[in-house]
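Colleague: I need the structure of the sequence given here:
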Amino acid sequence: MTRIPHSWMIYSLNRTHLNLGMVLGEVTQEQAQQLTDGPDGWSILEIMCHVRDYQEIYIERVQQIVNEDNPTLQVYDAEAREALISERDYAHQNLKAVFDNYCDTRQRFIQILSDLEEDQWLRVGQHPMTGTIDVSVPVFHAIMHDCDHTEQIARTLGMRLP
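Modeller: Below is the predicted model of the structure:
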């Protein structure tokens, strides 16, 4: 089976947070709190808090898979997401602090992955919804999660492709 090289995934993790930073560029705290992706949608600040918090989840999954034998991973459904929004008071956080924390955590994630041996990348865990996954799956999810929410923030800001 051909696998995506780990170096490619780490490279992508190094890039996606930079893209997100470019999109956020000149967004003010007021814009971050007020602009939403629809009448019942999340604000830019709430989106960024979600991205930050889910990155921690991806790191936890990688560490759990690496450190435990075939662990069962926790599912984060809509109820769990809503609990995080409320518990962490997303709407009143500081955008710059959230983004800085996300960037610091991203560097930690990259370091964790860079330190893995080849056999550690092949270790597996059980995701209750998707079955057996290896370390590359939460890494891939982190990359796609960044891409999806970067597009969501860009759309919320009214950015359009030429």
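
Colleague: how far away is Gln64 from Ile47?
Modeller: Going from Gln64 to Ile47 by Cβ to Cβ, to the nearest Å gives 26 Å. C-beta here means a position set from N, CA and C on the backbone, and glycine is covered the same way.

Colleague: Compare those two and say which one has the larger neighbour count.
Modeller: Neighbour totals were compared for Gln64 and Ile47, and Ile47 leads with 24 against 16 (other Cβ atoms under 10 Å).

Colleague: Doesn't the more buried one lie inside a helix?
Modeller: Yes - counting by DSSP: H, G, I helix; E, B strand; the rest coil, Ile47 is part of a helix.

Colleague: Isn't it up against Ala154?
Modeller: No - using Cβ atoms under 8 Å, Ile47 is not in contact with Ala154; the gap is 10.8 Å.

Colleague: in this structure, what spans have low per-residue confidence?
Modeller: 1-2, 161-162 (pLDDT under 70).

Colleague: Pick out the residue closest to the middle of it.
Modeller: Gln55 (3.7 Å; Cα atoms, centre = their mean).

Colleague: Just to check, that residue is in contact with Thr105?
Modeller: Yes - counting by Cβ under 8 Å, Thr105 is a contact partner of Gln55 at 5.4 Å.

Colleague: If you tally nearby residues, what's the number for Arg123?
Modeller: Residues near Arg123, counting by other Cβ under 10 Å, number 18.

Colleague: quick revisit: only C-alpha atoms, please: export whatever helix or strand the residue nearest to the centre of the chain lives in in CSV.
Modeller: Element membership for Gln55, per DSSP states H and E: helix 44-67. C-alpha atoms of helix 44-67 as CSV (Å, rounded to 0.1, in the frame of the first residue of the first chain):
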residue,chain,number,x,y,z
ILE,A,44,-14.7,34.2,13.4
LEU,A,45,-13.6,34.1,17.0
GLU,A,46,-15.6,31.0,17.7
ILE,A,47,-14.3,29.3,14.6
MET,A,48,-10.7,30.1,15.7
CYS,A,49,-11.3,28.8,19.2
HIS,A,50,-12.8,25.6,17.8
VAL,A,51,-9.7,25.2,15.5
ARG,A,52,-7.4,25.7,18.4
ASP,A,53,-9.2,23.3,20.7
TYR,A,54,-9.5,20.6,18.1
GLN,A,55,-5.8,20.7,17.4
GLU,A,56,-5.4,19.7,21.0
ILE,A,57,-7.7,16.8,20.4
TYR,A,58,-5.6,15.7,17.4
ILE,A,59,-2.5,15.8,19.5
GLU,A,60,-4.1,13.8,22.3
ARG,A,61,-5.2,11.2,19.8
VAL,A,62,-1.7,10.9,18.3
GLN,A,63,-0.2,10.6,21.8
GLN,A,64,-2.8,8.1,22.9
ILE,A,65,-2.2,5.9,19.9
VAL,A,66,1.6,6.1,20.3
ASN,A,67,1.6,5.5,24.1
